[in-house]
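Asker: based on what follows, work out the 3D shape:
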Amino acid sequence: MLLLQNVSKTYKTGVKALHDVNLKIDQGEFVYIIGATGSGKSSLIMLIDGEEIPTTGTVEVAGIDVGKLKHRKVPMYRRNIGVVFQDYRLLPSKTVFENVAFALEVINLPRLEIRRRVRQVLELVGLEDKVNAFPHQLSGGQKQRVAIARAIANQPKVLIADEPTGNLDPDTAKGIMDLLELINREQQTTVLMVTHDRNIVDQHRHRTIKLEAGYVVADFKDGGYIHHV
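Answerer: Purely as a prediction, here's the structure:
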């Protein structure tokens with residue numbers, strides 16, 4: 001599903017963000033990406049979703065060489081990728097339904113299919129009773145559930161969750177983790193979760209990849225932060 005071979009990334013500023021990274025992530029895996037600020041986590045994610053291209057090496061996602069994509073082909077490629085952010089990035093003037101539907105409107109899905117799919121994913125994330133609510137009427141956990149619904153509306157092969165529990169209290173964070181695990185398990189969506197939350201990583205065990213100064217320094221198949229790091 002995801003294959004990185006000898007990937008390095010150096011920015012025009014001279015910053016060397018990644019060094020000779022080799023990773024293989026299978027379809028349906030749930031993987032944590034951990035590491036301190038500046039360790040290369042964001043650069044890794046940007047290479048996978050096509051925002052950046054590697055300086056050397058290859059990044060393949062679902063058989064597509066991301067670094068060789070023509071610029072006009074990147075939006076089409078990104079239909080394979082769903083992204084959830086720490087700060088939700090919802091459209092404040094749109095309802096919950098409209099926020100999720102927007103992700104499908106931009107790919108010109110038929111209106112009836114949009115309605116069916118939006119109701120389906122809102123039911124999955126437990127927000128079927130909030131279709132007409134606006135973001136300011138929702139709790140942080142509910143906003144994150146909307147963001148997840150929007151990210152999976154197009155049935156992506158890969159779901160990237162960038163610090164999805166960072167702004168949430170422990171109980172709400174656990175609910176979001178349970179939801180991500182449900183999506184991973186039931187839809188066989190590959191989940192890559194960037195996180196600093198040691199408790200989450202230790203309580204919800206999954207493969208854990210640690211970056212340090214642009215290098216992969218650990219890859220724990222059995223997960224766990226506190227016991228290994």
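
Asker: all strands of the protein, in order?
Answerer: 2-10, 16-25, 30-34, 56-61, 64-65, 81-85, 158-162, 190-194, 207-212, 215-220 (DSSP state E).

Asker: tell me the contacts of V84?
Answerer: 144, 147-148, 151, 159-162, 164 (CB atoms under 8 Å, 6 or more residues apart in numbering). C-beta here means a position set from N, CA and C on the backbone, and glycine is covered the same way.

Asker: which members of those define the maximum pairwise distance?
Answerer: The most widely separated members of those are Q144 and I160, with 14.1 Å between them, by CB to CB.

Asker: point to the residue nearest the middle of the chain.
Answerer: I160 (1.0 Å; CA atoms, centre = their mean).

Asker: which residues are in contact with the helix or strand bottoming out on mean pLDDT in the chain?
Answerer: Across the helices and strands of the chain, mean confidence by mean pLDDT, DSSP states H and E is lowest for helix 74-77: a mean of 88. Helix 74-77 is contacted from outside by 50, 61, 64, 66, 69, using CB under 8 Å, 6+ apart.

Asker: can you put those in a markdown table and add pLDDT and distance to Q187?
Answerer: Output for the contacts of helix 74-77, formatted as a markdown table (pLDDT from 0 to 100; distance: CB to CB, whole Å):
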| residue | pLDDT | distance to Q187 |
| --- | --- | --- |
| G50 | 92 | 22 |
| V61 | 94 | 17 |
| I64 | 93 | 20 |
| V66 | 95 | 22 |
| L69 | 92 | 25 |
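
Asker: now V121: closest residue in space, sequence neighbours ignored.
Answerer: Excluding the flanking residues, the one nearest V121 by CB to CB, 6 or more residues apart in numbering is A149, at 4.3 Å.

Asker: tell me who's in contact with the one you found.
Answerer: By CB under 8 Å, 6+ apart, the contact list for A149 reads 100, 118, 121-122, 124-125, 127.

Asker: the helices in this protein, which residues?
Answerer: Along the chain, the stretches classed as helices by DSSP state H are 41-48, 74-77, 96-105, 111-124, 140-152, 170-187, 198-203.

Asker: relative to R119, how far out is V125?
Answerer: According to CB to CB, to the nearest Å, V125 stands 11 Å off from R119.

Asker: who has more neighbours, the two?
Answerer: V125 (23 against 14; other CB atoms under 10 Å).

Asker: excluding sequence neighbours, find me the nearest residue to that one.
Answerer: R145 (4.3 Å).

Asker: and if you look at M1?
Answerer: Q27 (4.2 Å).

Asker: surely that neighbour is in contact with Q188?
Answerer: Yes. Proximity of Q27 to Q188 meets the contact threshold set by CB atoms under 8 Å, at 6.5 Å.

Asker: so where's the chain uncertain?
Answerer: Within the chain, the segments meeting pLDDT under 70 span 223-229.

Asker: change it to 80
Answerer: Counting by pLDDT under 80, the chain shows low-confidence ranges at 222-229.

Asker: isn't T165 right up against M177?
Answerer: Yes. Under the criterion of CB under 8 Å, T165 makes contact with M177 at 6.8 Å.

Asker: neighbours around T13, how many?
Answerer: By other CB under 10 Å, 7 other residues sit near T13.

Asker: so who does it touch?
Answerer: Taking CB under 8 Å, 6+ apart, one finds nothing in contact with T13.

Asker: for I64, same thing?
Answerer: 77, 80.

Asker: quick check: V191 vs V201, distance?
Answerer: Distance, V191 to V201, by CB to CB: 13 Å.
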